[in-house]
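S.K.: Next one to model:
(chains A and B)
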Amino acid sequence: MLFIRAIVRPEKKDEVLENLSAGGFHAATVVDVVGRGKQKGIRMGDVFYDEIPKTLILVAIEDWDKDKITNIILKTGKTGISGNFGDGKIFISPVEEAYTISTGAKGL
Amino acid sequence: MKEILAIVRMKRTSATKRALIDAGVAGFTAVRVMGRGKLVHDEKVIMPCKEILMEMAPDDVIDEQVSEEEIVTFLDDTRMFPRRLFTILAYDEDVPRIVEAIMKANRTERGAGDGKVFITPVADAIRVRTGESGDAAIW
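M.R.: Numbers count the residues shown, from 1 in each chain, chains lettered A, B, ... in the order given. Next up is the predicted model:
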């Protein structure tokens, strides 16, 4: 099992979740976060912003769904044709075990 | 060294905290998150939920058909519900005990929406105060 942590633009959140649901990944957890990337934030005139609001989407998946879900997020999260700085990142980490609390069943 | 990610109901936060102390784990980090689970098709799970929501509907203002329609879309929609995400660091051998405690504290009669527990490996942990790393940094 794998854990997908995708950081996307807040305005893209609904679209990403919609497409994830359509692609068969209905379950998801969403957190509002702030952060900065490689570009060290944004300078707008005299004001420097380095706590840019983003949305963190957490999804647990089976190993073989990795390419499918990353493709959905990459395609939906991108702005414009070539993409822009600040479109976000996807991190993938291993999950050893998962349990559903209501049934106590192991696995997703 | 393992990281336990537990998504639980908001109302069960204090029960979870108590269960963690009973299990011998006092330290945790918690975040308020929004989430949704697998789509539920089981009528036995949906019906009681629907009945509770129907009781809450103001029957003198809106007629029953409209409120029932609203409730159906509320339950079938891709709506996100508030939950609390606990992050707990633990030694490998403590993991089953902690997972058991969390699951016991959070199980309800509703049959769905009680949350999930994920266990992921952690490469290293460092305590900021002393700089010690590895297993010594957990607690």
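S.K.: Direction included, what does the longest strand anywhere in chain A pair up with?
M.R.: Ranked by residue count and defined by DSSP state E, the top strand of chain A is strand A:52-61. Sheet pairing for strand A:52-61, assigned by DSSP bridges, gives strand A:2-8 (antiparallel), strand A:28-35 (antiparallel).
S.K.: tell me the most buried of these?
M.R.: Highest mean neighbour count of the strands paired with strand A:52-61: strand A:2-8, a mean of 20 (counted as mean count of other C-beta atoms under 10 Å in any protein chain shown). C-betas here are computed from N, CA, C, even on glycine.
S.K.: Make a markdown table out of the strands paired with strand A:52-61 and add distance to residue A:42.
M.R.: What follows is the strands paired with strand A:52-61, written out as a markdown table (distance: least, C-beta to C-beta, whole Å):
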| stretch | distance to residue A:42 |
| --- | --- |
| strand A:2-8 | 16 |
| strand A:28-35 | 12 |
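S.K.: Which elements pack onto the helix or strand of chain A with the lowest mean pLDDT?
M.R.: Sorting the helices and strands of chain A by mean pLDDT, DSSP states H and E puts strand A:42-44 at the bottom, at a mean of 86. Judged by 3 or more C-beta pairs under 8 Å, 6 or more residues apart in numbering or on different chains; DSSP states H and E, strand A:42-44 is in contact with strand A:47-49.
S.K.: ok, residues contacting the least confident helix or strand of chain A?
M.R.: Residues outside strand A:42-44 that contact it (C-beta atoms under 8 Å, 6 or more residues apart in numbering or on different chains) are A:48, A:49, A:50, A:52, A:86.
S.K.: Going by neighbour count, which residues of the longest strand of chain A are buried?
M.R.: Neighbour counts over strand A:52-61 (16 or more other C-beta atoms under 10 Å in any protein chain shown) mark A:52, A:54, A:55, A:56, A:57, A:58, A:59, A:60, A:61 as buried.
S.K.: do stretch B:18-27 as well
M.R.: Buried, per 16+ other C-beta under 10 Å, within stretch B:18-27: B:19, B:20, B:23, B:25.
S.K.: so how many other residues sit close to residue A:22?
M.R.: 11 (other C-beta atoms under 10 Å in any protein chain shown).
S.K.: Can you pull the phi and psi angles for it?
M.R.: phi -60, psi -30 (degrees, to the nearest 10).
S.K.: and the gap between it and residue A:68?
M.R.: Distance, residue A:22 to residue A:68, by C-beta to C-beta, to the nearest Å: 12 Å.
S.K.: cool, and residue B:111?
M.R.: For residue B:111 relative to residue A:68 (C-beta to C-beta), the value is 29 Å.
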